[in-house]
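>>> missing the sequence, but the structure's below:
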């Protein structure tokens, strides 16, 4: 027992001494400088993405603000290197700023005096202004390079895209600021105006736009704004009702886009059709922004869940969210009383019409369908799905052993044009057939 405890303690000490990928990235950058090698844009970008991944993945286990602060420091180093010389070996791009904004979006505070939401909006302002923080685009250029700087002027300009606004809104959703709804509303209004302007420019130039290159009010952006309102649980009842009205207004715009059957880019100021997360946020907003135990709150929860059922977007998250906030009587009336029993199982399932538009699907005899969802909020593998899976395995060419015995496939003889000729056996199979013919003739 002593040997096992010592081995476990040694393994723990070894695992705790292993450096993280972010620290290894910083170590590589230091080694490059020691060897008089200048890191370029790709080197800094890889290091920033590494610390961003640390912050996003460790937001529930450690302190993500430390990882985000390191990513922000690397971006500052890129900006200083960019203004230090006229060459463009190092040039921060929109993606680098977005990586840092995403890293801060999972944090509440950047420091004791600055919140993560304020810092992300500051980075967003740099992108909207099209210049790098800490200097003008034309700084540190000599007169001999004026023409070159003018030619490269457009390449150095930064421009925010949809993710820039979405992650800024996510930062406010995670923040505890009292005025985060007002700040997020201003950011969302800027996104709507920019989306309308860029869509008009694209229409004049007869070109298509994408959310990766331009700013668009997508369903994800609308969800981010609704999440800010749903998380703002401070203030009076009247203030909370105003926030709920904002959520309902945004949800109405999404549903209107779904009724028109148009793409999100066609109506850039409204957004696309709602998804499962939209209804999860709507249920959460009704529960958080209305007084608990009141009739108004129960009616709002019932309305939100009915909307999701009619849209056919009830998934595990929506069902568990409704089960968490709805009273037991309301959940029994809305879900349990409407449940059905699937053939071959004893579990109660929600009606298939409630899940008809889910993207998560499994292969059945009738094609790909959403999996059955139990009233407890779990996907169930029914006997029919098991049988269809086994039928698929038995039909596979490389799974002949399931059908029993090793099956030999005779080699086919192909002609010059690739046509299949006579089914002639070759090799050992041909010799065995010849021997069987000789034996039968001699007998």
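Received, thanks. Worth saying up front: this structure is predicted, and the values here are computed from it rather than measured. Residues are numbered from 1 along each chain as shown.
>>> Spell out the residue ranges of the helices in the stretch 201-350 of the chain.
Assigned helices in the stretch 201-350 of the chain, in chain order: 219-231, 237-260, 276-289, 295-311, 316-325, 328-331 (criterion: DSSP state H, counting those that start in this stretch).
>>> Summarise which helices and strands the fifth one is packed against.
What that stands for is helix 316-325. Under the contact criterion of 3 or more CB pairs under 8 Å, 6 or more residues apart in numbering; DSSP states H and E, the helices and strands touching helix 316-325 comprise helix 276-289, helix 295-311. C-beta here means a position set from N, CA and C on the backbone, and glycine is covered the same way.
>>> How about the longest one?
Contact analysis of helix 237-260 by 3+ CB pairs under 8 Å, 6+ apart lists helix 180-205, helix 219-231, helix 276-289, helix 295-311 as its packing neighbours.
>>> and for the last one, what are the contacting residues?
Which is helix 295-311. For helix 295-311, the surrounding residues in contact (CB atoms under 8 Å, 6 or more residues apart in numbering) are 244, 255, 258, 274, 276, 279, 282-283, 286-287, 290-291, 314, 318, 322, 325-327, 330, 334, 353-354, 357.
>>> rerun that using 6 Å as the cut-off
Contact with helix 295-311 is made by 279, 282-283, 286, 290, 314, 318, 322, 326, 330, 334, 354, as judged by CB atoms under 6 Å, 6 or more residues apart in numbering.
>>> Just the closest of these to residue 193, please.
residue 282 (25.1 Å; CB to CB).
>>> Next one: the closest one from residue 121, what distance?
Going from residue 282 to residue 121 by CB to CB, to the nearest Å gives 26 Å.
>>> So if I had to pick from these two, which one is more boxed in?
residue 282 (29 against 22; other CB atoms under 10 Å).
>>> Who are the contact partners of that one?
Taking CB under 6 Å, 6+ apart, we find residue 282 in contact with 251, 304.
>>> how close does it sit to residue 71?
In this structure, residue 282 and residue 71 are 33 Å apart, going by CB to CB.
>>> quick one, which of the helices and strands packed on helix 316-325 is packed in tightest?
For the helices and strands packed on helix 316-325, the stretch with the most neighbours on average is helix 276-289, a mean of 24; neighbours defined as mean count of other CB atoms under 10 Å.
>>> coming back round to it: could you dump the contacts of helix 295-311 to JSON lines with distance to residue 216 and pLDDT?
Conversion of the contacts of helix 295-311 to JSON lines gives the following (distance: CB to CB, whole Å; pLDDT from 0 to 100):
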{"residue": "279", "distance to residue 216": "21", "pLDDT": "97"}
{"residue": "282", "distance to residue 216": "22", "pLDDT": "97"}
{"residue": "283", "distance to residue 216": "26", "pLDDT": "97"}
{"residue": "286", "distance to residue 216": "27", "pLDDT": "96"}
{"residue": "290", "distance to residue 216": "32", "pLDDT": "95"}
{"residue": "314", "distance to residue 216": "27", "pLDDT": "96"}
{"residue": "318", "distance to residue 216": "25", "pLDDT": "96"}
{"residue": "322", "distance to residue 216": "30", "pLDDT": "96"}
{"residue": "326", "distance to residue 216": "34", "pLDDT": "95"}
{"residue": "330", "distance to residue 216": "37", "pLDDT": "95"}
{"residue": "334", "distance to residue 216": "35", "pLDDT": "95"}
{"residue": "354", "distance to residue 216": "30", "pLDDT": "96"}
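>>> right, and out of the residues you listed, which lies closest to residue 366?
Each of those was checked against residue 366 using CB to CB; the closest is residue 354, at 17.9 Å.
>>> Count the neighbours of that closest one for me.
As a burial measure, the neighbour count of residue 354 was computed by other CB under 10 Å and equals 24.
>>> do the same with residue 96
For residue 96, the number of neighbouring residues by other CB under 10 Å comes to 22.
>>> which residue is nearest the centroid of this structure?
Centroid-nearest residue in the chain: residue 220, 9.2 Å away (criterion: CA atoms, centre = their mean).
>>> Confirm that residue 89 lies within a strand, as I assumed.
No. Checked against DSSP: H, G, I helix; E, B strand; the rest coil, residue 89 lies outside a strand; its state is coil.
>>> Which residues are in contact with it?
residue 40.
>>> mind running it again at 7 Å?
Going by CB atoms under 7 Å, 6 or more residues apart in numbering, residue 89 touches 38, 40.
>>> before we move on, what about residue 26?
Per CB under 7 Å, 6+ apart, neighbours of residue 26: residue 47.
>>> which residue packs closest to residue 286, ignoring adjacent ones?
What sits nearest to residue 286 in space, not counting adjacent residues and going by CB to CB, 6 or more residues apart in numbering, is residue 300, at 3.9 Å.
>>> ok, now how distant is the one you found from residue 274?
17 Å.
>>> Contacts only, for the residue nearest to the centre of the chain.
Contact criterion CB under 7 Å, 6+ apart gives residue 166 as the residues in contact with residue 220.
>>> 8 Å instead?
Residue 220 is in contact with 162, 166, counting by CB under 8 Å, 6+ apart.
>>> Distance check, it against residue 161.
Distance from residue 220 to residue 161, counting by CB to CB: 12 Å.
>>> Could you list the low-pLDDT ranges of the protein?
Segments of the chain classed as low confidence (criterion: pLDDT under 70) are 1-19, 59-62, 87-88, 112, 131-157, 206-207, 209-212, 258-271, 344, 392-443.
>>> Tell me where it has strands.
340-341, 348-349, 362-364, 367-369 (DSSP state E).
>>> now those in a markdown table, with mean neighbour count?
What follows is the strands of the chain, written out as a markdown table (neighbours: other CB atoms under 10 Å):
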| stretch | mean neighbour count |
| --- | --- |
| strand 340-341 | 11 |
| strand 348-349 | 18 |
| strand 362-364 | 14 |
| strand 367-369 | 11 |
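>>> out of the ones you listed, which comes closest to residue 377?
When the strands of the chain are ranked by proximity to residue 377, the top entry is strand 348-349, at 11.3 Å, counting by CB to CB.
>>> Wait, residue 223 touches residue 279, no?
No. Contact between residue 223 and residue 279 fails when scored by CB atoms under 8 Å: they sit 10.0 Å apart.
>>> From residue 72, how far off is the residue nearest to residue 20 when sequence neighbours are not counted?
The spatially closest residue to residue 20, leaving aside those adjacent along the chain, is residue 54, at 6.6 Å (CB to CB, 6+ apart). Here the criterion is CB to CB. By it, residue 54 lies 13 Å from residue 72.
>>> repeat for residue 305
Computed with CB to CB, the distance linking residue 305 and residue 72 is 41 Å.
>>> Hmm, residue 322 is touching residue 332, no?
No. Shown here, residue 322 and residue 332 do not form a contact pair, counting by CB under 8 Å, at 11.9 Å.
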